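1. need a 3D model of the sequence below.
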Amino acid sequence: MTARNPAWRPVIGERVVLVATGETGTVLQLAPTEWGLLCDIALDPWPALGRAAERRVHASTELRPLTP
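-> Below you'll find the model as predicted:
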């Protein structure tokens, strides 16, 4: 959920930003748990920093929709 849209929930294929770091990626999988929604994210590579694309799991509360 976001302050702008309290009903927002990520969906598979959606582009998102990780609030803490500003990293961007795409939601690959969703897993509801008793604590909330976990999202498997394919993070975008950062070639300038020498980082390849990677996958990580984050809580949906750590994410915001990536708006153009």
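2. what's the single longest strand in this structure?
-> Across the chain, the longest stretch assigned as strand under DSSP state E is strand 24-33.
3. just checking: what are the partner strands of that one?
-> Here strand 24-33 has these sheet partners by DSSP bridges: strand 15-18 (antiparallel), strand 36-43 (antiparallel).
4. in the first one, what counts as buried?
-> For strand 15-18, burial by neighbour count (16 or more other C-beta atoms under 10 Å) applies to 16, 17, 18. Placement of C-beta: from N, CA and C, glycine included.
5. looking at the residues you listed, spot the one nearest residue 65.
-> Lowest distance from residue 65 to the buried residues of strand 15-18 (C-beta to C-beta) belongs to residue 16, with 6.1 Å.
6. report the beta-bridge partners for residue 41.
-> Under the criterion used (DSSP bridges), residue 41 bridges to residue 27, residue 56.
7. I'd like the strands paired with strand 24-33 as JSON lines, with distance to residue 7 and mean pLDDT appended.
-> JSON lines is the format used below for those (distance: least, C-beta to C-beta, whole Å; pLDDT from 0 to 100):
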{"stretch": "strand 15-18", "distance to residue 7": "16", "mean pLDDT": "96"}
{"stretch": "strand 36-43", "distance to residue 7": "13", "mean pLDDT": "94"}
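8. dump the ones you listed to CSV, plus distance to residue 53.
-> Output for those, formatted as CSV (distance: least, C-beta to C-beta, whole Å):
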stretch, distance to residue 53
strand 15-18, 14
strand 36-43, 6
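9. nearest to residue 50, out of those?
-> strand 36-43 (14.1 Å).
10. can you list contacts of the closest one?
-> 9-10, 16, 18, 23-32, 53-61, 63 (C-beta atoms under 8 Å, 6 or more residues apart in numbering).
11. may I have that strand as CSV, with CA atoms only?
-> What follows is strand 36-43, C-alpha atoms only, in CSV (Å, rounded to 0.1, in the frame of the first residue of the first chain):
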residue,chain,number,x,y,z
GLY,A,36,1.9,-10.1,4.6
LEU,A,37,2.7,-10.5,0.9
LEU,A,38,6.2,-11.6,-0.2
CYS,A,39,7.4,-10.6,-3.7
ASP,A,40,10.1,-12.3,-5.7
ILE,A,41,11.7,-9.4,-7.6
ALA,A,42,14.1,-9.5,-10.6
LEU,A,43,16.2,-6.4,-10.0
